[in-house]
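K.L.:
Make a model of this:
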Amino acid sequence: MLYYKKFSDISSYSPLTYGLIYLANIIIFSILYAFIFTDDFVDISIDYIQSLYFSVVTVTTLGFGDITPKLDEAPLLLVVTAQVFLGVVTIGLFLNSISQKLSDRKDSDQKRIEGEVESRNQSKLLTILKPTIVSYIEILSETYKVTTTKATGDFVELIPDDLFSQAYYDQISRQDFFSNHTRYGEGVMTWGDFIDQENSKFTHQIDDYLNKFALSLPIELVELLVELKGHHFLFNCRQAKQMRQFEIAQGVEIQRVNLLTLEHSSVDIDEKPSSIRDFHEKLLKLISLLDEINAGERITMKVDLREGVTAPSIGSSIADIVKLGPSGKVDNS
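P.N.:
Below is the predicted model:
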């Protein structure tokens, strides 16, 4: 059906098609003149070469007058008129097609140029965003360091796309937000306060970035950044801190059951949280965009796994995670 519609729309053909139609017009009518109207011309009985010449002169409306049809031969006059009409229409369609082709090419070139400009602008905007993401990747590297027990004695370079797996999520879910080991030394602040500080910094930096450039960014990127800066994963440490403050205020001790715990429990519950995985998957989307504009220069996580050289130390913030058994009860085993 679509092919039929295109075929029946004579204004949609290519210039080459109109050229072939024009050539067919000349050849077909020259055959008619040569074999049907041979003796219908003034003072001459034309052969095929002469009929071809007359056909060209007629369809191009040059009208030299050296070969003239008899005016009393109505069929010949109708054929000549028909050839001129078809020739004029074909030429008109041919010129229109050429004009459309040139216009389409111009539009295509303009769109390509605009696309290249937009791509360069977006690359610049992503480059501006990159330090914020790289800085936060350093915090994730530090989180990896304080939740692992693998001391290699050197720096380890990890690619987020390879590292972010279930094993990694299980590992960082065991953060001890109440540990007092941070990069500032022991006893200066808790790990939870440090993470909350860095998460707030990350959120504010994305807020500032969106306030400046949101109108120039693709809507998909804006949505991704909004989801990242408000993601619940960033507030797990604050939840633990609030729980601790409640304990102090009430003089009670409660089990450390938070969203990170629930994500790694064996019990099935409605709307079971997945903040760790979801946040890191969204972060990977953003990292992949940044990697695209920096071909050959991927964002990596550099983890200092030298034991006792720098603070915080390896495995200094590992807590015993509280798991929920099949019955939904706390299981400390």
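
K.L.:
Going by C-alpha atoms from here, please, whenever you check contacts or count neighbours.
P.N.:
Will do.

K.L.:
In which helix or strand does residue 277 reside?
P.N.:
For residue 277, the element it lies in under DSSP states H and E is helix 275-293.

K.L.:
what's the offset of the helix or strand that comes right after that helix from the middle of its chain?
P.N.:
Note on helix 275-293: by DSSP H and E, the next helix or strand toward the C-terminus is strand 301-304. Per Cα atoms, centre = their mean, to the nearest Å, the displacement of strand 301-304 from the mean C-alpha position of its chain is 29 Å.

K.L.:
now swap in stretch 159-173 and tell me
P.N.:
25 Å.

K.L.:
quick one: average pLDDT of it?
P.N.:
Stretch 159-173 shows a mean pLDDT of 89.

K.L.:
By mean pLDDT, flag the weakest helix or strand of this protein.
P.N.:
None of the helices or strands of the chain scores lower by mean pLDDT, DSSP states H and E than strand 330-331, at a mean of 45.

K.L.:
before we move on, the earlier item: buried ones in the helix holding residue 277, by neighbour count?
P.N.:
275, 276, 277, 279, 280, 281, 283, 286, 287, 290, 291, 293 (16 or more other Cα atoms under 10 Å).

K.L.:
ok, the third one - contacts?
P.N.:
Right, residue 277. The contact partners of residue 277, taken as Cα atoms under 8 Å, 6 or more residues apart in numbering, are 166, 169.

K.L.:
any chance you could map the helices in this protein?
P.N.:
With helices called from DSSP state H, the chain shows them at 2-8, 15-35, 48-59, 74-146, 160-163, 166-172, 191-213, 219-229, 236-250, 259-263, 275-293.

K.L.:
Tell me the helices and strands packed up against the longest one.
P.N.:
Contact analysis of helix 74-146 by 3 or more Cα pairs under 8 Å, 6 or more residues apart in numbering; DSSP states H and E lists helix 15-35, helix 48-59, helix 166-172, helix 191-213, helix 275-293, strand 301-304 as its packing neighbours.

K.L.:
between the ones you listed, which gets nearest to residue 318?
P.N.:
With Cα to Cα as the criterion, residue 318 lies closest to helix 166-172 of those, at 8.5 Å.

K.L.:
Relative to residue 91, which of the buried residues of helix 275-293 is nearest.
P.N.:
Comparing those against residue 91 with Cα to Cα places residue 293 closest, at 48.8 Å.

K.L.:
so what pLDDT did the spatially closest residue to the closest one that is not a sequence neighbour get?
P.N.:
Nearest residue to residue 293 in three dimensions, chain neighbours excluded: residue 123, at 6.0 Å (Cα to Cα, 6 or more residues apart in numbering). pLDDT, residue 123: 90.

K.L.:
Next: residue 33.
P.N.:
Confidence at residue 33, expressed as pLDDT, is 94.

K.L.:
and the closest residue to residue 190 other than its chain neighbours, how many neighbours does it have?
P.N.:
Closest residue to residue 190 in three dimensions, ignoring its sequence neighbours and counting by Cα to Cα, 6+ apart: residue 180, at 4.2 Å. Counted with other Cα atoms under 10 Å, the neighbours of residue 180 add up to 21.

K.L.:
my read: residue 180 touches residue 188, true?
P.N.:
Yes. At 6.8 Å, residue 180 counts as touching residue 188 under the criterion of Cα atoms under 8 Å.

K.L.:
where does the stretch 1-150 of the chain dip in pLDDT?
P.N.:
Under the criterion pLDDT under 70, the flagged ranges of the stretch 1-150 of the chain are 1-8.

K.L.:
dump the residue contacts of residue 56.
P.N.:
Per Cα under 8 Å, 6+ apart, neighbours of residue 56: residue 26.

K.L.:
before we move on, back to that, so which of the helices of the chain comes closest to residue 314?
P.N.:
With Cα to Cα, the closest approach to residue 314 among the helices of the chain belongs to helix 74-146: 4.9 Å.

K.L.:
between the closest one and helix 219-229, what angle do the directions make?
P.N.:
Here the directions of helix 74-146 and helix 219-229 differ by 20 degrees (axes from the mean of the first three to the mean of the last three Cα atoms, to 10 degrees).

K.L.:
Nearest spatial neighbour of residue 213, chain-adjacent residues omitted?
P.N.:
residue 125 (7.6 Å).

K.L.:
Just the buried positions in stretch 135-153, please.
P.N.:
For stretch 135-153, a neighbour-count test (16+ other Cα under 10 Å) marks 136-137, 139-148, 151 as buried.

K.L.:
what about residue 34, how many neighbours?
P.N.:
Neighbour tally, residue 34, other Cα under 10 Å: 20.
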